[in-house]
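Trainee: After the sequence you'll find the predicted model.
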Amino acid sequence: MAQAKLKQQADKARMAGAGLAAAFNILEKWGCDNDQQQAILSLPRATFYKYRDNPASARLSADQLERISYLLNMHASLGMVFENPENRYGFMSMKNHNPFFNGAAPLDIISTGSFAALYETFKRIDGLRGGQW
């Protein structure tokens with residue numbers, strides 16, 4: 001039983017590192033600078049640089065894992081909605097005049113670092129695909 005628990009912990013750590021590496025890649029494609037990435041992922045500066053250089057070393061909280069999940073799902077939704085890479089990756093930087101965004105870009109909203117802002121942005125982007133899952 002102890003071996004199964006150790007394997008489960010190792011699998012979780014491996015998936016966290018892979019998810020974090022994917023999140024870094026997505027955030028870079030969205031045009032995020034380091035400060036924005038730190039805020040969105042809720043990582044202190046030194047930890048951000050350590051994990052960016054070696055995502056496999058990441059020890060992430062449940063909050064950080066959930067943030068990564070929202071980023072990965074937003075990326076997937078944008079991929080379903082837009083075939084064009086400029087729109088798929090540029091959407092997050094485009095001014096949005098829908099009520100929640102009020103003329104701000106989604107990236108501006110999530111860069112506040114607020115978990116609620118990330119969740120609300122995820123809901124709106126996920127809704128763009130119109131139930132295509």
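Mentor: Here it is on my side, so go on.

Trainee: For this structure, which residues score under the pLDDT cut-off?
Mentor: 1, 5-11, 131-133 (pLDDT under 70).

Trainee: which residues of it fall in strands?
Mentor: Shown for the chain, no strands are assigned by DSSP state E.

Trainee: give me phi/psi at Trp44?
Mentor: If you look again at residue 44, you'll see it is Pro, not Trp. phi -60, psi 160 (degrees, to the nearest 10).

Trainee: Report the contact partners of it.
Mentor: Gln38 (CB atoms under 8 Å, 6 or more residues apart in numbering). Glycine gets a C-beta too; all of them are placed from N, C-alpha and C.

Trainee: which non-adjacent residue is nearest the most centrally placed residue in the chain?
Mentor: For the chain, the residue nearest the mean C-alpha position is Leu71 (2.5 Å; CA atoms, centre = their mean). In this structure, Leu71 finds its nearest non-sequential neighbour in Ala23, 4.9 Å apart by CB to CB, 6 or more residues apart in numbering.
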